[in-house]
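Engineer: below is the sequence, then the predicted model.
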Amino acid sequence: MIPMLVGTLLLAACGDDDSTATTAPPETAAPETTAVPESTAAVETTVADTEGSHDVAHSDTSTEYPLTIDNCGYELTFEKAPERVLIMNGTSVAEVETFIALGLEDHILANSQSYGQSDVEGMVEKIAALPTGDITLNENFEVPREQILALEPDLVISTWSGGFSESMGSITRDELQSLGINSYVTPVNCAYGAESPRPEDQERYDSQTYEASFELVEEIAMIFDVQHEAEHFLEHAREDIEAIAPASADPAHVLVAYPGMGVSVEVPMVFAGPLVDSIIEAAGGVNAFDGVPSFNDGAMINAEALAAADVDVLMVGLFFPGESAADYAAQIFAQFPQWDAAKNNAFVAVSDSFYLGPYNAVGITKIADAIAALG
C-alpha cells in the first residue's frame, strides 16, 4: 500500500477527473520488463502461472460457518462467504490482487483499486475487467459514504483503518456494523489511520514484513472457504523464495526508487522500511537505506542522501501507464554516476510486487536475478 500522503499526491498528479473508479486509466501500456544488463531480465510471471498445476500436499481444512474473527478489535461474524464485496481504494492493490489470486472475482460487487502497471502479466487487464459499481471517487480518492450505502454490500474492505473515517468522506465501521454490514481492514494495517490503535496492532504495523502479505491471503481464504487455493498459491510463492541462493558475505546494496512519485525523476521516491527491507533481504541483498523506521520516512530521503548511498542495483518502480524503466534509469544514473549501479547500468523494472500484496515473491525473485547477474 502507498501511504495516503504519498498516494494522494500521486493521484492528484493524474488530474482531477473523478469519473473513474480506478487510480489509473484502464488503457495501460504493457508492463516494462527491460532490464540492464541483459541477464537481469524481469521474471515472466502471469496470472495463469499462479493458478496452474503445482504438486502441493493440501490439508482438508474448510471453513465452518458461522465464522467469527477479530479484526482490529472488531468482532466479525460471517454466516457464509460474503457475496457482495466492496473493495475500497486506499491507493492499494493488495486486496483486489488477493481476490484474483484466490479466484474470488465473482464475489466482488465493486472494486475501486488499480495501478497502471503490474509485475504480473495480465493483472492490469484482470483488474480492469472487474465491476466498479459505477463508483465516483471523492476528492480524497475514496468511495463516498452515500455510494457505499447505495451499493448495499455485505462486506466492505479497506486496506487501512483510516479508510473508514468521516475525514476521508467515507463511512465508519460502527455505522456499517449498526446496519449489519461487515467491514474488514487488512490486518497488518489496523494501526494505520486508527485514532487509538491497540498496542499489538501498532507493533504489527511497525515491524511488518512480506509475511503480512501471506497472512492476508490466508485470512481472506478462510473467510471465503478457499483454503485449498491459498495453500496452493502460498506454497508456490514460498518455493520460489526458498530456491534463491543464500546471500554472500558482502550482499549487494539495492535501491528501490519510484521516479513518478518523487520530487523529480532525478530525486525519486525511495521505498524503505521493514516491509521493503524484508523483500530485499529474502533476495540476498540489503536495502541501500536499510533500517529506515517506516515507509513514510522514505519520502524524506533527499538528493544528498542518495548521492552518498552505496547502490549496486537499482530497482526502477513503475506506477503510471506508459512509464519507461530505461528512460528513468538513464536520468537517475546521470544524476548519480558514482553508483556502481550507474557504472554497470544495472537496473530492473518493478511495480506492484514491492507493495503489500500477494506477489512479493515476484519482486524477491527479480532482485535475486539482478544480484546474480552482477557476477
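Structural biologist: It's in.

Engineer: report pLDDT for the most centrally placed residue in the chain.
Structural biologist: The centroid of the chain falls nearest to Tyr355 when counting by C-alpha atoms, centre = their mean (3.1 Å). At Tyr355, the model reports a pLDDT of 93.

Engineer: so it sits against Val93, correct?
Structural biologist: Yes. Judged on C-beta atoms under 8 Å, Tyr355 makes contact with Val93 at a distance of 7.0 Å. No exception for glycine: its C-beta is placed from N, CA and C like everyone else's.

Engineer: can you pull out the helices in the stretch 1-150 of the chain?
Structural biologist: Listed in chain order, the helices of the stretch 1-150 of the chain (DSSP state H, counting those that start in this stretch) span 4-13, 47-51, 94-101, 123-128, 145-151.

Engineer: report the backbone C-alpha coordinates of the longest helix along the chain in PDB.
Structural biologist: In the chain, taking DSSP state H as the definition, the longest helix is helix 227-242. Coordinates of each C-alpha in helix 227-242 appear next as PDB, following Å, rounded to 0.1, in the frame of the first residue of the first chain:
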ATOM      1  CA  GLN A 227      -8.100 -22.600   1.900                       C
ATOM      2  CA  HIS A 228      -7.000 -25.100  -0.800                       C
ATOM      3  CA  GLU A 229      -6.400 -22.300  -3.300                       C
ATOM      4  CA  ALA A 230      -4.500 -20.300  -0.600                       C
ATOM      5  CA  GLU A 231      -2.300 -23.300   0.200                       C
ATOM      6  CA  HIS A 232      -1.500 -23.800  -3.500                       C
ATOM      7  CA  PHE A 233      -0.700 -20.200  -4.100                       C
ATOM      8  CA  LEU A 234       1.500 -19.700  -1.000                       C
ATOM      9  CA  GLU A 235       3.300 -23.000  -1.500                       C
ATOM     10  CA  HIS A 236       4.300 -21.800  -4.900                       C
ATOM     11  CA  ALA A 237       5.400 -18.400  -3.600                       C
ATOM     12  CA  ARG A 238       7.400 -19.900  -0.800                       C
ATOM     13  CA  GLU A 239       9.200 -22.400  -3.000                       C
ATOM     14  CA  ASP A 240      10.200 -19.600  -5.300                       C
ATOM     15  CA  ILE A 241      11.700 -17.700  -2.400                       C
ATOM     16  CA  GLU A 242      13.400 -20.800  -0.900                       C
END
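
Engineer: right, and the helix or strand after it?
Structural biologist: Later in the chain than helix 227-242, the nearest helix or strand by DSSP states H and E is strand 253-258.

Engineer: report all helices and strands that that following strand contacts.
Structural biologist: In terms of contacts (3 or more C-beta pairs under 8 Å, 6 or more residues apart in numbering; DSSP states H and E), strand 253-258 is packed against strand 269-270, helix 274-282, strand 286-287, strand 313-317, helix 360-373.

Engineer: please work out which of the ones you listed is packed deepest.
Structural biologist: strand 313-317 (a mean of 28; mean count of other C-beta atoms under 10 Å).

Engineer: got the contact list for it?
Structural biologist: Here strand 313-317 makes contact (C-beta atoms under 8 Å, 6 or more residues apart in numbering) with 32, 40, 252-261, 268-269, 271, 285, 325, 328-329, 332-333, 339, 341-342, 346-351, 354, 363, 366-367, 370-371, 374.

Engineer: if we go to 6 Å?
Structural biologist: Defining contact as C-beta atoms under 6 Å, 6 or more residues apart in numbering, one finds that strand 313-317 is touched by 252, 254-256, 258, 325, 328-329, 341, 346-350, 370.

Engineer: need the contact list for Val292.
Structural biologist: Counting by C-beta under 6 Å, 6+ apart, Val292 makes contact with 272-273, 298.

Engineer: for Leu275, see how far away it is.
Structural biologist: 11 Å (C-beta to C-beta, to the nearest Å).

Engineer: that older thread, between the contacts of strand 313-317, which is nearest Ala303?
Structural biologist: Leu255 (13.3 Å; C-beta to C-beta).

Engineer: stretch 292-303 spans what distance, first to last residue?
Structural biologist: 16 Å (C-alpha to C-alpha, to the nearest Å).

Engineer: ok, now stretch 281-291?
Structural biologist: Stretch 281-291 has an end-to-end distance of 12 Å (criterion: C-alpha to C-alpha).

Engineer: so which elements touch the longest helix of the chain?
Structural biologist: Counting contacts by 3 or more C-beta pairs under 6 Å, 6 or more residues apart in numbering; DSSP states H and E, helix 227-242 packs against helix 211-224, helix 360-373.

Engineer: let's see the first one as CSV, backbone CA atoms only.
Structural biologist: The one in question is helix 211-224. Extracted in CSV, the C-alpha atoms of helix 211-224 (Å, rounded to 0.1, in the frame of the first residue of the first chain):
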residue,chain,number,x,y,z
GLU,A,211,4.8,-12.4,5.6
ALA,A,212,2.0,-9.9,6.3
SER,A,213,1.1,-10.3,2.6
PHE,A,214,0.8,-14.1,3.0
GLU,A,215,-1.2,-13.7,6.2
LEU,A,216,-3.7,-11.5,4.3
VAL,A,217,-4.1,-14.3,1.7
GLU,A,218,-4.6,-16.9,4.4
GLU,A,219,-7.3,-14.9,6.2
ILE,A,220,-9.3,-13.9,3.1
ALA,A,221,-9.1,-17.6,2.1
MET,A,222,-10.6,-18.6,5.5
ILE,A,223,-13.4,-16.1,5.2
PHE,A,224,-14.4,-17.3,1.8
